[in-house]
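>>> What shape does this take:
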Amino acid sequence: MKKLIRGILDFKKNIRPGYRETFARLALGQKPDSLLIACSDSRVAPNLFASTEPGDMFVIRNVGNMVPPAKMGSSTPDGDHSEAAAVEFSLSRLPVRDIIVCGHSDCGAMQALVEGKENLDMPCVRNWLQFGDEGLGLLLSGQSLDKTLSPVNQLSQLNVVQQMQHIQSYPHVRKRVAEGTLRVHGWWFDIRAANVSAYEPKLKKFILIDEAYAQRFLEPENTQRT
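The predicted structure follows:
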């Protein structure tokens with residue numbers, strides 16, 4: 001807590017002056033063009049590795065970067081509407097054109113799934129991790145996007161792809177994807193290497209986001225809506 005207080009003072013003294021106009025503009029409203037779904041893990045800092053500014057991204061963070069699949073307009077059968085509400089708001093009230101599901105290496109949620117969530121003494125976490133069961137099933141059946149990774153990291157990548165499918169179970173997401181006004185992406189952050197990779201559906205694997213990848217992605221035909 002002391003570090004946070006010192007940080008606020010540093011922000012007020014040294015950083016805020018440079019952002020004064022930015023925050024004055026944002027006080028009038030937000031216009032993020034991306035929805036990011038990331039893990040709550042303190043080591044994952046999307047605003048840092050994506051070099052974003054305040055107002056650039058609408059963010060959902062939870063344990064394991066999960067998206068409960070849609071059912072009867074709700075996020076889960078038991079009435080947990082949190083993720084569904086955020087998705088609905090971002091697509092109905094904000095100019096969001098891209099959704100990014102971002103997983104990461106050495107994820108504690110994935111570790112718990114690999115070791116058996118039934119062994120957890122945290123009932124809320126244990127219940128929440130049910131939304132990672134599909135990825136675990138794929139791993140246990142021998143499927144992987146990169147066999148060179150540890151089982152936990154293999155599951156983490158599989159989980160990103162599964163959550164991409166979950167979010168497309170929402171009618172308003174599916175409709176806009178079909179219309180071509182929304183894209184769903186999968187990212188994976190390697191903590192140790194501080195690298196970000198993007199999921200390529202055609203190749204069925206994650207590709208490092210480097211200069212070559214960026215050049216291909218930023219070609220005119222891929223940026224007609226940017």
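>>> Just the helices from this structure, written as ranges.
Listed in chain order, the helices of the chain (DSSP state H) span 2-10, 16-26, 46-49, 82-93, 108-115, 123-128, 133-140, 151-167, 171-179, 211-217.
>>> where in this protein is pLDDT low?
Scanning the chain for pLDDT under 70 picks out the ranges 72-80, 220-226.
>>> The same query, at a cut-off of 90, please.
Within the chain, the stretches with pLDDT under 90 are 3-24, 26, 47, 70-82, 216-226.
>>> quick one on the thing from earlier: ranking the helices of the chain by burial, who's on top?
helix 151-167 (a mean of 23; mean count of other CB atoms under 10 Å). No exception for glycine: its C-beta is placed from N, CA and C like everyone else's.
>>> Output the helices of the chain as JSON lines; include the columns distance to residue 199.
Formatted as JSON lines, the helices of the chain follow (distance: least, CB to CB, whole Å):
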{"stretch": "helix 2-10", "distance to residue 199": "34"}
{"stretch": "helix 16-26", "distance to residue 199": "31"}
{"stretch": "helix 46-49", "distance to residue 199": "16"}
{"stretch": "helix 82-93", "distance to residue 199": "19"}
{"stretch": "helix 108-115", "distance to residue 199": "16"}
{"stretch": "helix 123-128", "distance to residue 199": "23"}
{"stretch": "helix 133-140", "distance to residue 199": "13"}
{"stretch": "helix 151-167", "distance to residue 199": "6"}
{"stretch": "helix 171-179", "distance to residue 199": "15"}
{"stretch": "helix 211-217", "distance to residue 199": "12"}
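>>> now for these, which one comes closest to residue 61?
Residue 61 sits nearest to helix 46-49 of all those, at 8.9 Å, using CB to CB.
>>> do you know how far residue 141 is from residue 158?
Distance of residue 141 to residue 158, given as CB to CB, to the nearest Å: 10 Å.
>>> hang on, I meant residue 200
Residue 200 is 15 Å from residue 158, where distance means CB to CB.
>>> what does residue 59 give?
Distance, residue 59 to residue 158, using CB to CB: 23 Å.
>>> can you check residue 14 too?
43 Å.
>>> cool, residue 100 as well?
Taking CB to CB, one finds residue 100 at 17 Å from residue 158.
>>> likewise residue 57?
24 Å.
>>> Same question for residue 2.
From residue 2 to residue 158 the distance is 40 Å (CB to CB).
>>> Check residue 131 too.
As defined by CB to CB, residue 131 lies at a distance of 13 Å from residue 158.
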